[in-house]
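J.: How does the following fold in three dimensions:
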Amino acid sequence: MVKDKEDRSPRMEEFNPRDAIVNSELRMLEEGPTMRAMGLLAPPVARQTFSAGPGFQETSRDPFHPCIDKPRIILDAEVWDIHDSKLSFVPEHFVLERTSIFVGNCRASVVAARIADCLRKRSIESHFNSAKAKVKCYTQQFVEFRVRLFAGKEECDHGVIVEVQRRSGSAVYFRDDYRAICDAAKGIQEDYTPIPEWSVGSLKDESLPCQDSSMESIELACQLLKEDRLDANLLGIQSLVLLTDAEKCGPDAALLASKEIVSHSEQADLRNIVASLIETGVMDPDENDPLNKANGIFFNLRANSFLALCNALKVCAKDGSLFQSIVQQPWYMDILVPILTKELKNAETSPLIALLSVRCLNILVENSVDCRSKALDIGALGALENARKFGRARYASLATETERGVA
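T.: The predicted structure is shown next:
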């Protein structure tokens with residue numbers, strides 16, 4: 001939601017670079033608690049990839065710390081081509097956000113390159129507009145914000161003004177990205193390491209002491225997904241994402257929820273809704289509403305559906321029940337694998353969906369020779385190569401994940 005600007009000073013002449021720097025240090029008011037999570041990394045196991053032979057390929061690669069040769073990335077100048085002479089000043093009656101900073105003694109093209117590289121490293125979907133010196137950004141936590149550059153004038157004529165404006169999403173998640181972008185604009189090197197995917201630990205021979213409460217939570221999520229209100233539907237699919245996350249709700253509850261999706265057992269309605277969202281973008285296959293980012297809630301529904309499925313596949317793969325589910329249900333090979341491959345081919349349009357798709361595809365390929373053969377037949381290897389190229393230039397986590405598939 002765009003913030004109300006009526007209470008701000010109306011003129012650029014009152015803008016002071018020192019005030020901007022002080023304001024930038026205020027950050028966001030919402031200071032969240034320090035979150036900690038514990039997980040045991042499983043030792044490297046034999047994996048099957050697209051380049052492997054009929055059997056499984058032995059590898060010492062740790063999926064949480066892939067040993068990938070990462071050449072130095074040089075961004076294409078055309079990605080965000082900013083020239084100092086063409087950079088516009090702050091309009092007379094335009095009031096800058098308090099999340100604006102001033103970068104002195106630096107060219108706009110250098111600042112733009114730093115910001116673009118920061119967005120790539122943090123895997124933030126970015127749509128660049130060189131003419132307006134603006135970037136529309138979407139994060140993996142569904143935060144939308146804008147970055148815009150202005151030329152300084154008068155006492156600020158020796159640098160660039162960087163404005164970062166949150167449009168929607170969590171202020172806590174935005175705070176972290178905002179700080180990273182400001183540091184990058186100033187030339188401060190960030191030692192950023194993406195948070196590794198969670199490890200489900202050991203799931204075998206475990207009792208389910210909270211099975212009743214877990215089933216109640218699953219049924220509640222299913223009821224929310226059946227409501228005729230989009231806000232309730234979104235809450236339901238977000239609940240399902242949490243229920244299939246072993247770090248957030250525990251391995252026992254995660255396994256129970258995951259089997260309801262993967263095995264298509266008792267909660268058939270739940271599985272049908274998730275499958276419908278993945279296949280068509282709507283919960284009712286008979287609906288004809290188009291799925292696009294113009295309606296953000298539909299995009300969030302579908303992206304969270306991919307995330308819930310990815311969590312469920314990983315938990316069931318660790319438990320050992322995924323292979324049997326793939327054998328018993330043609331849906332995986334006949335419908336899901338082609339959809340995941342199609343989303344990979346559309347990586348430039350929606351890198352987040354492509355990232356979740358390749359994670360699901362890697363799990364299926366590692367656990368089923370038939371799924372691997374199907375993927376190769378429909379051109380998944382070429383889609384992985386193209387997605388990897390795009391990821392290296394614009395979306396780092398996509399490049400990392402696709403490396404696992406083509407290794």
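J.: what does stretch 345-362 contact?
T.: 49, 123, 125, 138, 140, 197, 293, 302-303, 306-307, 309-310, 313, 336-337, 339-341, 343-344, 375, 379-380, 383-384, 386-387, 390-391, 394-395, 397-398, 401-402, 404-405 (C-beta atoms under 8 Å, 6 or more residues apart in numbering). For glycine as for every other residue, the C-beta is placed from the backbone atoms N, C-alpha and C.
J.: and with 7 Å instead?
T.: By C-beta atoms under 7 Å, 6 or more residues apart in numbering, the residues outside stretch 345-362 that reach it are 125, 140, 303, 306-307, 309-310, 313, 340, 343-344, 375, 380, 383-384, 386-387, 390, 395, 397-398, 401-402, 404-405.
J.: which ones among these are found in strands?
T.: Counting by DSSP state E, the members of the contacts of stretch 345-362 that fall within strands are E125.
J.: Weed out the non-buried ones from the contacts of stretch 345-362.
T.: Buried by 16 or more other C-beta atoms under 10 Å: 125, 140, 303, 306-307, 309-310, 313, 340, 343-344, 375, 380, 383-384, 386-387, 390, 395, 397-398, 401-402, 404-405, out of the contacts of stretch 345-362.
J.: chain center to stretch 87-99: distance?
T.: Mean-position distance between stretch 87-99 and its chain equals 30 Å (C-alpha atoms, centre = their mean, to the nearest Å).
J.: hmm, I was thinking of stretch 97-114
T.: Using C-alpha atoms, centre = their mean, the distance between the centre of stretch 97-114 and that of its chain works out at 26 Å.
J.: Quick check: buried residues in it?
T.: When neighbours are counted by 16+ other C-beta under 10 Å, the buried residues of stretch 97-114 are found to be 98-103, 106, 108-109, 111-114.
J.: Kindly report the same for stretch 369-388.
T.: Buried residues in stretch 369-388, counted by 16+ other C-beta under 10 Å: 371-372, 374-375, 380-381, 383-384, 386-388.
J.: which of these lies closest to G187?
T.: Taking C-beta to C-beta as the measure, R388 is the one of the buried residues of stretch 369-388 closest to G187, at 28.8 Å.
J.: now the closest one, nearest residue through space, not along the chain?
T.: In this structure, R388 finds its nearest non-sequential neighbour in T402, 4.0 Å apart by C-beta to C-beta, 6 or more residues apart in numbering.
J.: Please give me every residue in contact with that neighbour.
T.: Taking C-beta under 7 Å, 6+ apart, we find T402 in contact with 358, 384, 387-388, 391.
J.: can you pull the buried residues of whatever helix or strand N300 lives in?
T.: Assigned by DSSP states H and E, N300 belongs to helix 296-319. By neighbour count on 16+ other C-beta under 10 Å, the buried set for helix 296-319 is 296, 298-319.
J.: Can you add pLDDT and distance to V162 and give the buried residues of stretch 369-388 back as a markdown table?
T.: Formatted as a markdown table, the entries for the buried residues of stretch 369-388 read as follows, by pLDDT from 0 to 100; distance: C-beta to C-beta, whole Å:
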| residue | pLDDT | distance to V162 |
| --- | --- | --- |
| C371 | 96 | 46 |
| R372 | 95 | 46 |
| K374 | 96 | 47 |
| A375 | 96 | 43 |
| A380 | 96 | 40 |
| L381 | 94 | 40 |
| A383 | 96 | 36 |
| L384 | 96 | 35 |
| N386 | 96 | 32 |
| A387 | 97 | 30 |
| R388 | 96 | 30 |
